[in-house]
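K.L.:
Need a 3D model of the following:
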Amino acid sequence: MSVEAVTAANQAFYDAFEARDLGLMTDVWERSDRVLCTHPGWPTLHGWDAVMQSWDSLLRGPQHLQFILTNAVVTVHDTVGWVTVDENLLDRGTGSTVAALNMFVFDGERWRLVAHHGSGVAG
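P.N.:
From the prediction side, this is the model:
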């Protein structure tokens, strides 16, 4: 299992987010009850339906975020990989930073996101 493949899966997540494309976002995630997502300022959402409903809402919302990812560290152990990264967000001239953890599992064919946790960084 390669660091490069997990890095590519992580980039696909951010590409889907920037493109505001629910189809691409759906393709990144594992479809199961074990997925979870914590958006900054939200309670943790558990399960495929709740997580995808949150992405549908966010991607249809007014924000048009651009991500500049920094300080990424990728770790792979067997069929589990995780990425810690600072999401430097730009939205119509304003900016903020979110510290994120993205966890992936290898399903035998590709790496799928099973957990995303984002926490705002005080600045």
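K.L.:
Strands of this structure, start to end?
P.N.:
For the chain, applying DSSP state E gives strands covering 36-38, 45-46, 66-77, 80-91, 94-106, 111-120.
K.L.:
Select, out of those, the one closest to V3.
P.N.:
strand 66-77 (4.9 Å; Cβ to Cβ). C-betas here are computed from N, CA, C, even on glycine.
K.L.:
Show the contacting residues for F106.
P.N.:
F106 makes contact with M1, T79, V80, G81, R112, according to Cβ atoms under 8 Å, 6 or more residues apart in numbering.
K.L.:
Generate a PyMOL selection restricted to the buried subset of these.
P.N.:
Selection of buried members from these for PyMOL, criterion 16 or more other Cβ atoms under 10 Å:
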select buried, resi 81+112
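K.L.:
now the strands of the chain as a markdown table including distance to A5 and mean pLDDT?
P.N.:
Output for the strands of the chain, formatted as a markdown table (distance: least, Cβ to Cβ, whole Å; pLDDT from 0 to 100):
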| stretch | distance to A5 | mean pLDDT |
| --- | --- | --- |
| strand 36-38 | 22 | 98 |
| strand 45-46 | 26 | 98 |
| strand 66-77 | 8 | 96 |
| strand 80-91 | 8 | 94 |
| strand 94-106 | 8 | 94 |
| strand 111-120 | 6 | 97 |
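K.L.:
okay, the contacts of F106 in a markdown table with distance to V105 next?
P.N.:
Below are the contacts of F106 laid out as a markdown table (distance: Cβ to Cβ, whole Å):
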| residue | distance to V105 |
| --- | --- |
| M1 | 10 |
| T79 | 6 |
| V80 | 6 |
| G81 | 8 |
| R112 | 6 |
